[in-house]
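Engineer: Attaching a predicted model along with its sequence, questions to come.
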Amino acid sequence: MIAFVLRRLASAAFTMLVASFLVFVMVEASPGNVARKTLGQFATDEQVQILAERLQLSDPLPARYGRWLGVIMGLRSDPLQNPALGLNFTDPRGDRYFGNFGFSTMMKTPVADVIWTRLSHSATLAALAFLTFVPLAILLGTVAGLHAHRPLDRGLTTLSTVFASIPEFASAVILMSIFVVWLGWLPGTSPLQVGGRWSIASQYVLPVAVLTLYVTAYVSRFVRASMIEVMATPYIRTATLKGLSRPAIVLRHAFRNAMLTPFTVILLQINWLISGVVVTEVVFAYPGIGRFLLEAALFGDIAVIEAATLIAVFVAVTTQLLGDLGYMLLNPRIRLS
């Protein structure tokens, strides 16, 4: 097991390294001078020229990537904080620390000062949606699988297909029309501001509902298919012939094995919930990392784009690693092998 974990950790580290290189190359290859994009459109030509010299942009790509990665890892000083540039970029953490993604030209502040706050907002939204959709999807998928090809299964399958086919922006508009415009029960935006008419808790209801509807419909179909497959296996028939009750068969023999495939699918939703909910965050004006990444892309803030992309890759790699470890623990055949 230790060797398995070490191999997965090495694979995750290699994936992060390759992803960081690809992110760096895409930024370097995008139109425009790198120094100009780093400083923003209002920087003077003298500042751009000095930064180009400080960054040694004429050096080979691997050397520039090594220096960029060294700044992020805290192994090198941030060249943007050099007083000779006259940029007045200062970071209270200093010019050398782990997670130094540079300065945001859009926010006029170090990226680390804003991106972690946005990430925490997205993590809170993702956690609420995760805690809501997981038991709901497992319950609906299990019920549908145990009543396969019956009216209850057909009804649940039809509903899951419908909700999985509705885009997030459409379901957001539908829910807002009902609960905001018609009934007036909930706020139409979720800026997480206190002191107004709506509480913070009420501002989470609609964004969580939009995410829950889509993910529940998607995951419940995997649970249903897995439960149908497990209930048709020989050991379930043997348990039935031994006289075990149906609840005992489901809880003691079928449920754990039926969760093997959905377990990985459920964990993969974490990455989507944190970094892929741009539409939901934009519709509800939610201050999360997805909306922040969109704003940075429209503004051309490459430091924020690089930071958000690397964080998204890290979340994806981590959830994949947890999925592999969890699958190994749930499946004795893999663990013993």
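Structural biologist: Perfect, I can see it now.
Engineer: Could I get the full set of strands for this protein?
Structural biologist: 103-104, 109-110 (DSSP state E).
Engineer: Check what contacts the last one and list those residues.
Structural biologist: It stands for strand 109-110. 89, 91, 93, 100-104 (CB atoms under 8 Å, 6 or more residues apart in numbering). Glycine gets a C-beta too; all of them are placed from N, C-alpha and C.
Engineer: least trustworthy position among these, going by pLDDT?
Structural biologist: The lowest pLDDT within these belongs to residue 89, with 77.
Engineer: Touching, that residue and residue 83? I think so.
Structural biologist: No. Here residue 89 does not reach residue 83: they are 9.6 Å apart, not a contact under CB atoms under 8 Å.
Engineer: Look at these two and report which has more neighbours.
Structural biologist: Per other CB atoms under 10 Å, whichever of residue 89 and residue 83 has more neighbours is residue 89, with 19 against 9.
Engineer: Please tell me how far that one sits from residue 80.
Structural biologist: 5 Å (CB to CB, to the nearest Å).
Engineer: Next, show the common contact partners of those two.
Structural biologist: residue 103.
Engineer: Now compare the contacts of strand 109-110 and name the two farthest from each other.
Structural biologist: 93 and 104 (14.7 Å; CB to CB).
Engineer: Compare those two (neighbour count), which wins?
Structural biologist: Using other CB under 10 Å as the criterion, residue 93 and residue 104 rank with residue 104 on top: 23 against 14.
Engineer: ok, now how distant is the more buried one from residue 140?
Structural biologist: Taking CB to CB, one finds residue 104 at 42 Å from residue 140.
Engineer: ok, now residue 248?
Structural biologist: 22 Å.
Engineer: ok, the residue nearest to residue 93 when sequence neighbours are not counted - contacts?
Structural biologist: Nearest non-adjacent residue to residue 93, counting by CB to CB, 6 or more residues apart in numbering: residue 112, 7.0 Å away. Counting by CB under 8 Å, 6+ apart, residue 112 makes contact with 91, 93, 99-101.
Engineer: Which residues belonging to the longest helix anywhere in the chain are considered buried?
Structural biologist: Taking DSSP state H as the criterion, the chain has its longest helix at helix 111-146. In terms of neighbour count (16 or more other CB atoms under 10 Å), helix 111-146 has its buried residues at 111-112, 114-115, 118-119, 121-123, 125-126, 128-130, 132-134, 136-138, 140-146.
Engineer: ok, now stretch 91-104?
Structural biologist: Those would be 91, 95-96, 100-104, for stretch 91-104 by 16+ other CB under 10 Å.
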